[in-house]
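S.K.: Any chance you could fold what I've pasted below:
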Amino acid sequence: MDNIEVKQTKWEDLSISNDFLFGKVMQNPELCKELLQRILPDLKIDRIEYPELQKSINVDMDAHSVRLDVYVKDDREIVYDIEMQVSDTKELPKRSRYYQGMIDIQLVDAGQHYKKLNKSYIIFICPFDLYGKGRHIYTFENICKEDNSISMGDEAVKIFLNADGTMDDVSRELKAFLDYVAGQKPEDSYVEKLEEAV
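M.R.: Here you go, the predicted model:
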């Protein structure tokens, strides 16, 4: 009996920063779409779909497998992978590269042209500052080192969100979500919906 009570207490103590719980909450299309709009306010997302819940990718027996927390597509076939990452493993940049490659393998079938690759966003939500610069958001796209006005054009974007940021560099809405990830309860209608879902 005591074990059941302890397990229930631990379950009740979980927050949105728990990757399992985050994945479950993001199965609600409206909550997931709203989060994506807060992260990417310049995109107009009409609807999203879930090709697979907690998508697993296994290329072969020897390859490192991947289980994506939240894998969705929008109405324009843009692919989004959203990951909740609470511990700094010191390998997130390379992990994002690996995830990108694994997702790309799933998007193009044998004989198809590479131009069929969907635009994609790999998004990590962290309660820590991966790059130590105080930003709430770090967005990476491939650009030419010699002339940064030239984009590679591969349409692969990686975003690292930092709930511990100190700069005034994101919208009030995204800041409210990140504060919630950090354990605060800001006055925000979306955060209230997340709290109810949690």
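S.K.: Next up, phi/psi of Tyr80, please.
M.R.: Phi and psi for Tyr80, reported as degrees, to the nearest 10, are phi -130, psi 130.
S.K.: For it, give me its contacts.
M.R.: Leu36, Ile48, Val70, Tyr71, Val72, Lys73, Asp74, Ser120, Tyr121, Ile123 (CB atoms under 8 Å, 6 or more residues apart in numbering). (Each C-beta comes from the backbone N, C-alpha and C, glycine too.)
S.K.: which of these lies closest to Glu173?
M.R.: Minimum distance to Glu173 across these is 11.9 Å, recorded for Leu36 (CB to CB).
S.K.: just to revisit the earlier point, just put the contacts of Tyr80 in JSON lines and tack on distance to Tyr138 and pLDDT.
M.R.: Output for the contacts of Tyr80, formatted as JSON lines (distance: CB to CB, whole Å; pLDDT from 0 to 100):
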{"residue": "Leu36", "distance to Tyr138": "17", "pLDDT": "97"}
{"residue": "Ile48", "distance to Tyr138": "23", "pLDDT": "90"}
{"residue": "Val70", "distance to Tyr138": "19", "pLDDT": "89"}
{"residue": "Tyr71", "distance to Tyr138": "21", "pLDDT": "89"}
{"residue": "Val72", "distance to Tyr138": "21", "pLDDT": "92"}
{"residue": "Lys73", "distance to Tyr138": "24", "pLDDT": "92"}
{"residue": "Asp74", "distance to Tyr138": "22", "pLDDT": "93"}
{"residue": "Ser120", "distance to Tyr138": "17", "pLDDT": "96"}
{"residue": "Tyr121", "distance to Tyr138": "13", "pLDDT": "97"}
{"residue": "Ile123", "distance to Tyr138": "11", "pLDDT": "97"}
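S.K.: Output those residues in a markdown table, with neighbour count and distance to Gln106 appended to each entry.
M.R.: Listed next are the contacts of Tyr80 as a markdown table, based on neighbours: other CB atoms under 10 Å; distance: CB to CB, whole Å:
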| residue | neighbour count | distance to Gln106 |
| --- | --- | --- |
| Leu36 | 22 | 20 |
| Ile48 | 18 | 17 |
| Val70 | 26 | 15 |
| Tyr71 | 25 | 9 |
| Val72 | 26 | 14 |
| Lys73 | 16 | 12 |
| Asp74 | 21 | 17 |
| Ser120 | 20 | 11 |
| Tyr121 | 22 | 15 |
| Ile123 | 23 | 17 |
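S.K.: Extract the C-alpha trace of stretch 168-182 and format it as CSV.
M.R.: The C-alpha trace of stretch 168-182 is given here as CSV (Å, rounded to 0.1, in the frame of the first residue of the first chain):
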residue,chain,number,x,y,z
ASP,A,168,14.4,39.9,-23.7
ASP,A,169,14.6,38.0,-26.9
VAL,A,170,11.3,36.2,-27.3
SER,A,171,7.6,37.0,-27.3
ARG,A,172,5.7,37.4,-24.0
GLU,A,173,3.8,34.2,-25.0
LEU,A,174,6.9,32.1,-25.6
LYS,A,175,8.4,33.5,-22.4
ALA,A,176,5.3,32.4,-20.4
PHE,A,177,5.7,28.8,-21.8
LEU,A,178,9.4,28.7,-20.9
ASP,A,179,8.7,30.1,-17.4
TYR,A,180,6.1,27.2,-17.0
VAL,A,181,8.8,24.7,-18.1
ALA,A,182,11.1,26.3,-15.4
